[in-house]
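**Student:** could you look at this predicted model? Sequence included:
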Amino acid sequence: MCAQITDEARLRATLNALEDAASQAEFRVPSPESVARAERRDGLIWSIREYLIPRLGDLEGPVVAVLIGSTGAGKSTLLNSIAQRKVSEPGAVRPTTRRPTIWCHERHAHRYDESFLTGYSLDNRSERSLQVVTGTDEFLDGMTLIDAPDFDSVVELHREMADELLAIADVCLFVTSAQRYADAVPWEFLKKAKARDVPILFIVNRMGRRGAREVLDDYRAQLDAGGIHPASEDIVTISEQSVHSSYAGVSKRSVRPILKRLVRMAETQERSDVLTKAITGGVADVARRSQHLAEDIENELAEIDQLRTATESVYRDQTQELADALERGTLIRGEVVKRWQAFVGTGELLKAMTSGASRIRSWARTVFGGAQAAEAIVGREATGELVDAVVRRADLAARFTATAWELHPAGAPLLAGGELWRRDDGTEKRAELAVTDWVASLSSLVEEQGEGKKKVAKAASIGINAAAVSLLLVVFAHTGGLSGGEFGIAAGAAAAQQGLLEHVFGSAAAKTLADKARSSLETELERVLAADAARFFEKLKPLPTGDSAELTRLAASALESSEVWHGA
């Protein structure tokens with residue numbers, strides 16, 4: 001007895017852990033598979049929460065037999081015939097069964113107001129309401145019957161309820177008719193019942209006198225072909241006959257074989273065997289489905305990773321293109337450098353550097369003083385040019401990324417609204433701030449590089465602003481990628497500004513200064529594009545976690561262990 005209690009406690013703990021792990025699977029990425037994945041997750045959680053855990057806590061309770069069938073198969077009529085009273089109201093208009101009807105012993109009615117079928121309500125105003133009808137029949141002490149909505153109903157909610165009720169059945173009464181036994185829809189439900197290994201009683205209703213043997217032989221052949229091999233006693237027929245209006249059922253004699261089976265299952269020993277079989281099959285089924293859920297989680301993670309990788313790749317490429325353009329000297333147009341050269345007076349600067357410090361100071365006062373100072377030209381020209389270049393790259397990155405997502409089944413639905421096809425509205429402003437901050441930081445770089453009395457004095461002699469603007473021109477005025485007249489312009493401007501920096505700091509320090517400035521600019525531009533890419537990543541949140549898949553697999557493996565459950 002103690003060993004059994006230990007096994008039950010271990011099993012319930014494992015099931016609780018599995019439910020927690022399964023609940024972490026969000027499936028928020030709207031791929032074509034996401035709905036099916038979420039349904040499989042919800043079905044697994046339902047089986048744990050609404051069947052296995054309550055059932056394990058109520059091993060002495062009645063067997064639950066669920067009547068499953070298609071519209072008009074005669075489920076309600078069968079229940080009334082077994083009860084010989086009107087328990088379930090057969091509908092005249094399809095769908096004929098609109099809400100589950102539970103027939104149970106009056107001592108068990110409280111279960112459906114407390115711990116069983118918690119996803120339903122006894123309030124008939126709820127769309128997921130239950131009707132509980134009680135009785136005092138002796139066999140009801142060990143057996144509860146539930147008339148489920150039609151599994152082929154035109155109402156989706158009714159189909160969902162039929163699926164949920166099948167998942168909590170200890171026994172399935174599968175009701176069909178001589179006219180509809182070959183329909184395709186029931187087979188999906190039969191496969192689910194078979195996967196759980198619950199006992200199934202096949203009831204063929206409205207059997208005519210002619211052709212009965214042919215119908216039964218064909219039905220059995222179809223069941224065999226579907227991998228379901230019922231014993232002879234598991235297929236029962238009810239002949240075509242009049243329905244008694246007083247209780248909406250047929251004669252008790254017509255359903256006596258079914259009633260005998262149910263009474264036998266309700267008896268103590270067989271009830272224990274039925275529950276053991278149902279629980280064991282349910283645990284095995286949940287273990288299998290848990291492995292499939294782990295695969296679903298991992299597949300969504302792979303889809304998210306593909307979308308993330310595509311986004312990172314595109315934005316990384318565009319960031320590199322900006323860096324390459326900066327290195328080639330093509331980030332800023334040649335005519336802009338030409339205007340800078342004309343304003344700064346490259347020739348005058350070169351002459352000044354050969355004439356001594358006083359001539360350089362005079363040149364600096366002329367260029368960097370007054371209302372038309374070089375800083376203003378730098379602000380208008382460099383900032384505008386650079387911002388435009390970043391914005392163009394952000395637009396390209398957004399377009400390329402959206403195209404990649406559109407071609408991916410999981411990415412296409414995330415493009416709804418169209419805003420991802422172009423840069424973010426705030427990108428231009430972020431680019432302006434980044435470039436402005438970078439230009440402002442050049443003075444700090446010059447001051448840092450100018451540590452030491454001699455260099456400080458030299459930098460002060462021409463002015464920190466003059467050195468900073470010269471540094472900016474050195475960063476932009478590369479000659480790679482230019483040709484013809486533009487090459488000459490850029491070369492002249494670069495040589496003059498490079499010469500000025502070398503005059504102040506020395507050639508090695510001047511190179512270091514230029515490298516630092518270029519690196520800090522690349523960092524700023526990378527941040528701007530990364531901020532633009534962030535909205536793509538935001539679409540992928542909240543993300544599932546690999547931990548959820550791993551926990552699900554661990555719990556499934558524990559359930560698969562033969563030591564977990566020895567039976568009721």
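**Tutor:** Looks like it came in fine.
**Student:** what residue ranges in the stretch 301-450 of the chain score low on pLDDT?
**Tutor:** 329, 331-382, 443, 446-450 (pLDDT under 70).
**Student:** now with 50, please.
**Tutor:** Along the stretch 301-450 of the chain, the model assigns pLDDT under 50 to residues 349, 370-372.
**Student:** I figured Leu322 hits Arg527, correct?
**Tutor:** No. Judged on Cβ atoms under 8 Å, Leu322 makes no contact with Arg527 at a distance of 11.8 Å. Glycine gets a C-beta too; all of them are placed from N, C-alpha and C.
**Student:** tell me which stretches of the protein form strands.
**Tutor:** 63-69, 101-105, 131-135, 143-147, 171-177, 200-207, 235-239 (DSSP state E).
**Student:** one step back: so if I had to pick from Leu322 and Arg527, which one is more boxed in?
**Tutor:** Neighbours were counted for Leu322 and for Arg527 using other Cβ atoms under 10 Å; Leu322 has more, 21 against 14.
**Student:** for the more buried one, which non-adjacent residue is closest in space?
**Tutor:** Leu525 (5.1 Å; Cβ to Cβ, 6 or more residues apart in numbering).
**Student:** residue contacts, the one you found?
**Tutor:** Thr319, Leu322, Ala323, Val390, Ala431, Ala434 (Cβ atoms under 8 Å, 6 or more residues apart in numbering).
**Student:** out of those, the closest to Thr77 would be?
**Tutor:** Checking the contacts of Leu525 against Thr77 by Cβ to Cβ gives Thr319 as the nearest, at 71.7 Å.
**Student:** any idea how far Ala389 is from the closest one?
**Tutor:** Applying Cβ to Cβ, to the nearest Å, the value for Thr319 to Ala389 is 12 Å.
**Student:** just send the strands of the chain back as a markdown table, with distance to Ser290 and mean pLDDT too.
**Tutor:** Below are those laid out as a markdown table (distance: least, Cβ to Cβ, whole Å; pLDDT from 0 to 100):
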| stretch | distance to Ser290 | mean pLDDT |
| --- | --- | --- |
| strand 63-69 | 23 | 94 |
| strand 101-105 | 29 | 95 |
| strand 131-135 | 32 | 94 |
| strand 143-147 | 26 | 96 |
| strand 171-177 | 22 | 92 |
| strand 200-207 | 24 | 91 |
| strand 235-239 | 33 | 91 |
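**Student:** if we can go back for a sec, mind putting the contacts of Leu525 into a markdown table with distance to Ala248?
**Tutor:** Below are the contacts of Leu525 laid out as a markdown table (distance: Cβ to Cβ, whole Å):
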| residue | distance to Ala248 |
| --- | --- |
| Thr319 | 74 |
| Leu322 | 79 |
| Ala323 | 81 |
| Val390 | 76 |
| Ala431 | 76 |
| Ala434 | 78 |
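**Student:** quick one: buried ones out of those residues?
**Tutor:** Thr319, Leu322, Ala323, Val390, Ala431, Ala434 (16 or more other Cβ atoms under 10 Å).
**Student:** what's the burial count for the residue nearest to Tyr181 when sequence neighbours are not counted?
**Tutor:** Excluding the flanking residues, the one nearest Tyr181 by Cβ to Cβ, 6+ apart is Tyr219, at 5.0 Å. Tyr219 is flanked by 19 other residues according to other Cβ under 10 Å.
**Student:** how many neighbours does Glu240 have?
**Tutor:** 13.
**Student:** so it touches Gly211, yeah?
**Tutor:** No. At 11.6 Å, Glu240 does not count as touching Gly211 under the criterion of Cβ under 8 Å.
**Student:** which parts of the stretch 201-350 of the chain are helices?
**Tutor:** Per DSSP state H, counting those that start in this stretch, the stretch 201-350 of the chain carries helices over the ranges 212-225, 256-266, 268-328, 334-344, 346-355.
**Student:** out of these, which gets nearest to Lys192?
**Tutor:** Judging the helices of the stretch 201-350 of the chain by Cβ to Cβ, what sits closest to Lys192 is helix 268-328, at 8.4 Å.
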